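Undergrad: Build me a model:
(2 chains)
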Amino acid sequence: MQALKGFKDILPDEVVIWQRVEEKARDIFQRFGFEEIKVPILEKTELFARSIGEATDIVEKEMYTFTDRNGESLTMRPEGTAPVLRAFIEHALHLRRPLSRLFTIGPMFRHERPQKGRLRQFHQLSVEALGVDHPRLDAEVIAMAWLLAVELELTVSLELNSLGCPECRPDYRRRLVDFLQARREQLCDDCKRRASSNPLRVLDCKSANCRRINADAPSILDALCGPCRQHLEAVRHDLDALAIPYRLNPFMVRGLDYYNRTTFELLTDALGAQSAVGAGGRYDGLIKQLGGQDLPGIGFAMGMERLVLLIRERQKITPIGPDLFFACLGEPAAAYGFNLLHQCRRRGVRAVMDLRGRGLKSQMKQADRLGARRVLILGEDELNQGRAVLRDMTDKSETNVPLGDDPVELLSALAGTN
RNA sequence: GUGGGCGUGGCUCAGUUGGUUAGAGCACCGGGUUGUGGCCCCGGAGGCCGGGGGUUCAAGUCCCCUCGCUCACCCCA
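TA: Now for the predicted structure:
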């Protein structure tokens, strides 16, 4: 038996890195006033079809969808925004605060061919700020994503674009389609298909030839309506004011239909074909589309696996060993030690002991391998004399500590040298 | 869905033009030290060589099929 294709076990050594990333993310998000929300992994299929877009690859061929016993179509969430918005609407969170700042961390599911930095079950940090359409919010959210990357010491670059709004995008789209139709024969096969299915996609084609053609394509930035243009300028102004470096990329496209106006990506060149470690944008209109009030929103997602890969490339993480290892010799000492062990744990000490009655040498070796800071040696002699040997594994020093039902002196000895 | 690369102890990998009991390092266990770890030395355990079929006196090695992993395309975090 083995795990499904694209589904991975995360072993203890790696979990250490995950914990570091999650801890840092929670820390930063909370600094920005964001609150954690936990939402279900399973939702009605309709939720994703209506939010992500019926015609997207995700909805068309990547979702884990099945029919429940009562005949209802359910889907394992392929992204985090839709469930959070559903919860936001269902619990009328907009009535509690003018601006809801929410984030969630958890697994997402997409039936794709796995490759480096891409899995069928993957994990995202998903962030949403709902209820305010001020461009400063865009800058704030981008600044938060940027700060997380900075504090995780990742080398990433930020790209920014605007996709316009329902006022100006259709117009631009028409112009782009005209442009592409006129050059259809010169495009690569993929782009010929994209030209009709999703013309904006042609813009970020990697083929050198297509890029050459695209250089002359009409730019979305020239096609923005007045309000969209002002919005983008305001976001840029605030990013400049915060000294956050970015590159304006009019060719950047998002894969989900709900985005409008501001979109952005955090990019790396260290993950092979997967360059985006985080991406997001504004989705005004989506909340209404899902049956809520007409409230604006902006959010982003970061890929946990990709963050972890980037950190693992850079630094060796050593797992935290126990504070104290109990080396007991003989059953009476082991029985006594077991009780003492529990007392230590009750007082917050990370402590373990070998249960197999092995020799001292073997137990010392175990303690060393586990990275234990100290070893308490407890044999017949110590039991009789009412004191045990506390050995410091780093400097090899040993001290005698008195035993007792309430091991205060042992604990203070532990705390004293910490 | 399409294409390339790779499958040998827990992990990372050797294995010659097919040729006797398939090796190393790390990890694990025991000993060298009657109750003291790391370094060193000695020993031990652990392998349907991914699976099936074929060629051959003989297959880890060659051929076919299959499964898995991986990287890339598509698409995306």
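Undergrad: okay, now A:Cys328: neighbour count?
TA: Neighbour count of A:Cys328, defined by other CB atoms under 10 Å: 28. In short, each C-beta sits where N, CA and C put it, glycine included.
Undergrad: list the contacts for it?
TA: A:Cys328 sits next to A:334, A:336-338, A:353-354, A:363, A:378-379 when contact means CB atoms under 8 Å, 6 or more residues apart in numbering.
Undergrad: Pull out the buried members of those residues.
TA: Among those, those classed as buried by 16 or more other CB atoms under 10 Å are A:334, A:336-337, A:353-354, A:363, A:378-379.
Undergrad: Distance check, A:Lys361 against RNA strand B.
TA: 4 Å (CB to the nearest atom of the strand, to the nearest Å).
Undergrad: Over to A:Asp216?
TA: According to CB to the nearest atom of the strand, A:Asp216 and RNA strand B sit 20 Å apart.
Undergrad: How about the secondary structure of A:Leu147?
TA: Secondary structure, DSSP: H, G, I helix; E, B strand; the rest coil: A:Leu147 is helix.
Undergrad: neighbours around it, how many?
TA: With other CB under 10 Å as criterion, A:Leu147 counts 17.
Undergrad: which residues does it contact?
TA: Taking CB under 8 Å, 6+ apart as the test, what A:Leu147 contacts is A:Ile28.
Undergrad: Please determine how far it is located from A:His134.
TA: A:Leu147 sits 20 Å away from A:His134 when distances are taken as CB to CB, to the nearest Å.
Undergrad: what's the answer for A:Pro322, then?
TA: Distance from A:Pro322 to A:His134, by CB to CB: 50 Å.
Undergrad: okay, the two: which has more neighbours?
TA: A:Pro322 (18 against 14).
Undergrad: Spit out the contact partners of the closest residue to A:Arg113 other than its chain neighbours.
TA: Nearest non-adjacent residue to A:Arg113, counting by CB to CB, 6 or more residues apart in numbering: A:Gly6, 7.9 Å away. A:Gly6 makes contact with A:111-114, A:119-121 under the criterion CB under 8 Å, 6+ apart.
Undergrad: pLDDT weak spots in chain A?
TA: Scanning chain A for pLDDT under 70 picks out A:313-319, A:405-409, A:413-418.
Undergrad: May I see the buried ones among the contacts of A:Cys328 arranged in a markdown table, with secondary structure and distance to RNA strand B as well?
TA: Output for those, formatted as a markdown table (DSSP: H, G, I helix; E, B strand; the rest coil; distance: CB to the nearest atom of the strand, whole Å):
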| residue | secondary structure | distance to RNA strand B |
| --- | --- | --- |
| A:Ala334 | helix | 13 |
| A:Tyr336 | helix | 13 |
| A:Gly337 | helix | 12 |
| A:Met353 | strand | 14 |
| A:Asp354 | coil | 9 |
| A:Gln363 | helix | 8 |
| A:Leu378 | strand | 7 |
| A:Gly379 | coil | 3 |
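Undergrad: can you give me phi and psi for A:Leu307?
TA: phi -60, psi -50 (degrees, to the nearest 10).
Undergrad: That one contacts A:Glu153, doesn't it?
TA: No: at 11.1 Å, A:Leu307 and A:Glu153 do not qualify as touching, with contact defined as CB atoms under 8 Å.
Undergrad: and the gap between A:Ile244 and A:Asp138?
TA: 12 Å.
Undergrad: Which one's more surrounded, these two?
TA: Neighbour totals were compared for A:Ile244 and A:Asp138, and A:Asp138 leads with 29 against 17 (other CB under 10 Å).
Undergrad: A helix includes the more buried one, no?
TA: Yes: counting by three-state DSSP, A:Asp138 falls inside a helix.
Undergrad: From A:Leu411, how far out is it?
TA: From A:Asp138 to A:Leu411 the distance is 52 Å (CB to CB).
Undergrad: before we move on, the earlier item: ok, A:Leu307 and A:Glu153, which is more surrounded?
TA: When A:Leu307 and A:Glu153 are compared for neighbours, A:Leu307 comes out ahead with 30 against 10, by other CB under 10 Å.
Undergrad: Which residue lies closest in space to that one, excluding its sequence neighbours?
TA: A:Val21 (5.2 Å).
Undergrad: Quickly find the element holding the one you found.
TA: helix A:12-31 (DSSP states H and E).
Undergrad: Equivalent analysis for A:Leu271, please.
TA: Judged by DSSP H and E, A:Leu271 forms part of no helix or strand.
Undergrad: ok now do it, which residues does it touch?
TA: Taking CB under 8 Å, 6+ apart as the test, what A:Leu271 contacts is A:116-117, A:277, A:306, A:309-310.
Undergrad: and the gap between A:Glu305 and RNA strand B?
TA: As judged by CB to the nearest atom of the strand, A:Glu305 and RNA strand B stand 5 Å apart.
Undergrad: Where does the nearest residue to A:Glu36 once chain neighbours are set aside sit: helix, strand or coil?
TA: Nearest non-adjacent residue to A:Glu36, counting by CB to CB, 6+ apart: A:Phe103, 5.8 Å away. Three-state assignment for A:Phe103 (three-state DSSP): strand.
Undergrad: now the helices for the stretch 51-200 of chain A?
TA: A:57, A:81-90, A:135-151, A:169-182, A:189-197, A:199-202 (DSSP state H, counting those that start in this stretch).
Undergrad: what does the first one contact?
TA: For helix A:57, the surrounding residues in contact (CB under 8 Å, 6+ apart) are A:Gly255.
Undergrad: Tell me which two of the contacts of A:Leu271 sit farthest apart.
TA: Using CB to CB, the two most remote members of the contacts of A:Leu271 are A:Lys116 and A:Val277, lying 12.7 Å apart.
Undergrad: who has more neighbours, these two?
TA: A:Val277 (27 against 12).
Undergrad: Who are the contact partners of the closest residue in space to the more buried one that isn't next to it in sequence?
TA: Nearest non-adjacent residue to A:Val277, counting by CB to CB, 6+ apart: A:Arg306, 4.6 Å away. Counting by CB under 8 Å, 6+ apart, A:Arg306 touches A:117, A:268, A:271, A:274, A:276-277.
Undergrad: my read: A:Ala49 touches A:Val59, true?
TA: Yes: with contact defined as CB under 8 Å, A:Ala49 reaches A:Val59; the gap is 5.5 Å.
Undergrad: Now do the residue nearest to A:Glu36: how many residues are near it, please.
TA: Count around A:Phe103 with other CB under 10 Å applied: 25.
Undergrad: what residues are up against it?
TA: Applying CB under 8 Å, 6+ apart to A:Phe103 gives the contacts A:25, A:29, A:34-37, A:125-128.
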